[in-house]
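**Q** any chance you could fold what I've pasted below:
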Amino acid sequence: MTKATKIRKNTIGNEKKSSGKLSIKMRIAFWYTGLIIGITALFIITMLNIGSLNVRNAVHNRLKRTVEKSFERIDFIDGEIVLDNNLDTSAGDIFISVYDKNGDFIYGDLYLDLETGSSFKENNKVKTVKQGNLKWYVYEIKRNFEGYGDLWIRGVTPISQPEKSAEMTIFIFLALFPFLIIISASGGYIITKKAFEPIEDITKTAEKINKGNDLSERINIGNGKDEIFTLANTFDEMFDRLQGSFDREVQFTSDVSHELRTPISVISTQSEYGLKYLDINEETKEIFQSILEETKKMSGLVSNLLMLARMDKGYQKLNVENTNLSETAEIAIETQRPNAEKRNITIKSNISGNVYADIDESMIMRVFINLLSNAVFYGKDGGNVSVDLFAKEDKVICKITDDGIGISEEHIDKIWNRFYRADFSRTGDNSGLGLSMVKGIIEAHKGKIQVQSELHKGTVFTFELPVVFSGGNGGSMYNEK
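**A** Numbers count the residues shown, from 1 in each chain. Purely as a prediction, here's the structure:
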């Protein structure tokens, strides 16, 4: 898109810009959740593994001892294997069976259908055998009896409940893992949000100061010694300094404006007297006329400065009445037609009849005149200025459009600043205070204003006012709480 085709919108008030990134609170909550889940999972898995290993080792050792002691109950006497009556083949949950060297069953309890013969293997290790839905630990040893040969003893025991419980615990943990994530994430976010509440207070206070002119707002989060309390107190101290500086500036503007009113009034009176009563030549009359015109400009400038100073202090009252805005707009248009005709500019009005709103008529008249005079002043010779006014739901909307020089992108954000002029080559009667005052008046009426402009194409100022003023009659401008 080229510069000539760009349209830039500037809306008074804060506009939140989405960066597309997660907030710090969310990022901390995610990191916290991941850390808690990781630590919990690692702890549970480690403890289960340790517990399961201890249980398994205990079962293995008990199985080995039982099998090895069984040989103490077996002897070979007179060519026969003699089994002691004390040989317990069902020692609790351990079952003993005796086999000859060929793997044939001799005595004991058969709980497993295991292969014989080659299946016997003495390696001093417990093996795990699965049969059906059950798992068993199996331990086998042999002993050589002189005159008989080898004799095998096999001990088997089912995998114990504690070990099954460990496996079940792991399964339950995996099943509950999603809920653990949700709980951890929620808890992490709540904790983080609570920790960030003072920062939110700082942000809200800064935004409130940025949106309005009330520098008396403070964070006041109380006493504390951590970093956030220190930050909040630092901001409060900074706001104190800003308010002091701003108050001194406002007071200076007010004092200077008051001091200038008297000498300007004297100069204006003397100039009028000279023009009316003194017998002077034409050249001197032109000088007096020039002085009178400049004093009128100075008087208007001082008057605007005083109004802005009162607005800053909250002393400027709104005399709100239900007013016919259509008539107010028409009157403002008629005041600007002579200036427009000098440059062959046509002012077109598209004003709906009988549009009423709660306004301070004198203040809104200033808005109309200022925007219209700007449209004429910065319009092109032989161009057009249009005024549209209509009601929409609970709002009144006005658009003032010109086809003049427009405002460049680099200037459009600054036009609301005091004493700022976008086109320094065309100063005229423009003091640079008008749009700043317009903004203050519109916002005091709980409305909003925006501008659209294309360089060398023209400008559209659009402002909205509520039909019903919510501030009450006689409200203060700017510093409204």
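**Q** so what's Y478 scoring on pLDDT?
**A** If you check Y478, the pLDDT there is 47.
**Q** tell me what the host helix or strand of S245 is packed against?
**A** Assessed by DSSP states H and E, S245 sits inside helix 227-277. In terms of contacts (3 or more Cβ pairs under 8 Å, 6 or more residues apart in numbering; DSSP states H and E), helix 227-277 is packed against helix 161-211, helix 282-313. Any C-beta I mention is one placed from the backbone N, CA and C, and that applies to glycine too.
**Q** which of those helices is buried the deepest?
**A** Most buried of these, by mean neighbour count (mean count of other Cβ atoms under 10 Å): helix 282-313, with a mean of 16.
**Q** tell me the angle that one makes with helix 227-277.
**A** Orientation check (axes from the mean of the first three to the mean of the last three Cα atoms, to 10 degrees): helix 282-313 against helix 227-277 gives 150 degrees.
**Q** how far away from the center of its chain is helix 282-313?
**A** Counting by Cα atoms, centre = their mean, to the nearest Å, helix 282-313 is centred 48 Å from the centre of its parent chain.
**Q** burial check on the nearest residue to S216 once chain neighbours are set aside, number of neighbours?
**A** Counting by Cβ to Cβ, 6 or more residues apart in numbering, S216 lies nearest to Q243, which is 6.5 Å off, once chain neighbours are set aside. By the criterion of other Cβ atoms under 10 Å, Q243 has 16 neighbours.
**Q** if I read this right, Q243 contacts L215, doesn't it?
**A** Yes. Counting by Cβ atoms under 8 Å, Q243 does reach L215; the two are 3.9 Å apart.
**Q** what residue spans form the domains of the chain?
**A** 75-160, 227-310, 317-466 (the TED database).
**Q** distance to I221 and mean pLDDT for those domains - can I get that in a markdown table?
**A** Below are the domains of the chain laid out as a markdown table (distance: least, Cβ to Cβ, whole Å; pLDDT from 0 to 100):
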| stretch | distance to I221 | mean pLDDT |
| --- | --- | --- |
| domain 75-160 | 58 | 75 |
| domain 227-310 | 5 | 80 |
| domain 317-466 | 28 | 89 |
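**Q** please identify the deepest-packed of the ones you listed.
**A** The most buried one of these (mean count of other Cβ under 10 Å) is domain 317-466, showing a mean of 18.
**Q** next one: that one to chain centre, how far?
**A** Taking mean C-alpha positions (Cα atoms, centre = their mean), domain 317-466 and its chain are 35 Å apart.
**Q** that domain: end-to-end distance?
**A** With Cα to Cα, to the nearest Å as the measure, domain 317-466 spans 18 Å from end to end.
**Q** contacting residues around the residue of the chain positioned farthest from its centre?
**A** Residue farthest from the centre of the chain, counting by Cα atoms, centre = their mean, is D78 at 94.6 Å. By Cβ atoms under 8 Å, 6 or more residues apart in numbering, no residues touch D78.
**Q** find the nearest non-adjacent residue to K208, please.
**A** For K208, the spatially nearest residue (Cβ to Cβ, 6+ apart) is E217, at 5.3 Å.
**Q** tell me who's in contact with the one you found.
**A** 205, 208-209, 239 are the contacts of E217 under Cβ under 8 Å, 6+ apart.
**Q** mind running it again at 6 Å?
**A** Listed by Cβ atoms under 6 Å, 6 or more residues apart in numbering, the contact set of E217 reads 205, 208-209.
**Q** could you tell me the angle between the lengthiest strand in the chain and helix 161-211?
**A** In the chain, taking DSSP state E as the definition, the longest strand is strand 134-145. Calculated by the same axes, to 10 degrees, strand 134-145 forms an angle of 140 degrees with helix 161-211.
**Q** give me the sheet partners of strand 134-145 and which way each runs.
**A** strand 127-131 (antiparallel), strand 149-158 (antiparallel) (DSSP bridges).
**Q** with just CA atoms, put it into CSV.
**A** Provided in CSV are the C-alpha atoms of strand 134-145 (Å, rounded to 0.1, in the frame of the first residue of the first chain):
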residue,chain,number,x,y,z
LEU,A,134,-1.4,-64.8,37.2
LYS,A,135,2.3,-64.1,37.5
TRP,A,136,4.6,-66.2,39.7
TYR,A,137,8.1,-66.0,41.1
VAL,A,138,9.9,-69.3,40.7
TYR,A,139,13.2,-70.4,42.4
GLU,A,140,14.9,-73.8,41.7
ILE,A,141,17.9,-75.4,43.3
LYS,A,142,19.3,-79.0,43.3
ARG,A,143,21.2,-81.1,45.8
ASN,A,144,23.3,-84.2,45.1
PHE,A,145,22.7,-87.2,47.4
